[in-house]
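When you get a sec, could you give me coordinates for this:
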Amino acid sequence: MDEKTPKKLSTKDIMAKGSIIGVLVTAPSLAAFAISWLILDDLIKSAIIGGVIHFVALGFSFKISKKFFTTKPDSTTENK
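So this is what the prediction gives:
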């Protein structure tokens, strides 16, 4: 058994990390929507801008979650 398997996450950890990613995705899109609606005073254009920002943030969230939220194998439990 030389394969390194990552340790299991608890439900609390999964919910906490998922909530952080959710905030990172929705906060920029909501802010862009609100600011563009105040500036442009057009609901349709503001919704399009918010949607574009939302998908850009979604793309970055995958990179953020891979970098910060993946578990690494525990080296103390290796069988030698």
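
before we move on, which element is the closest residue to F60 other than its chain neighbours in?
Of all residues not flanking F60 in the chain, L24 sits nearest, at 7.8 Å (Cβ to Cβ, 6 or more residues apart in numbering). Quick note: C-beta positions are derived from backbone N, CA and C, even for glycine. Assigned by DSSP states H and E, L24 belongs to helix 11-40.

got the buried residues for that helix?
For helix 11-40, the buried set under the neighbour-count rule, 16 or more other Cβ atoms under 10 Å, comprises 21, 25, 28-29, 32-33, 36-37.

Output those residues as a markdown table; include the columns distance to T71 and pLDDT.
Shown next, in a markdown table, are the buried residues of helix 11-40 (distance: Cβ to Cβ, whole Å; pLDDT from 0 to 100):
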| residue | distance to T71 | pLDDT |
| --- | --- | --- |
| I21 | 15 | 90 |
| V25 | 21 | 89 |
| P28 | 26 | 94 |
| S29 | 28 | 95 |
| A32 | 32 | 96 |
| F33 | 34 | 97 |
| S36 | 38 | 97 |
| W37 | 40 | 97 |
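
quick one: secondary structure of K7?
Following DSSP: H, G, I helix; E, B strand; the rest coil, we place K7 in the coil state.

Look up how far G51 lies from I39.
According to Cβ to Cβ, to the nearest Å, I39 and G51 sit 17 Å apart.
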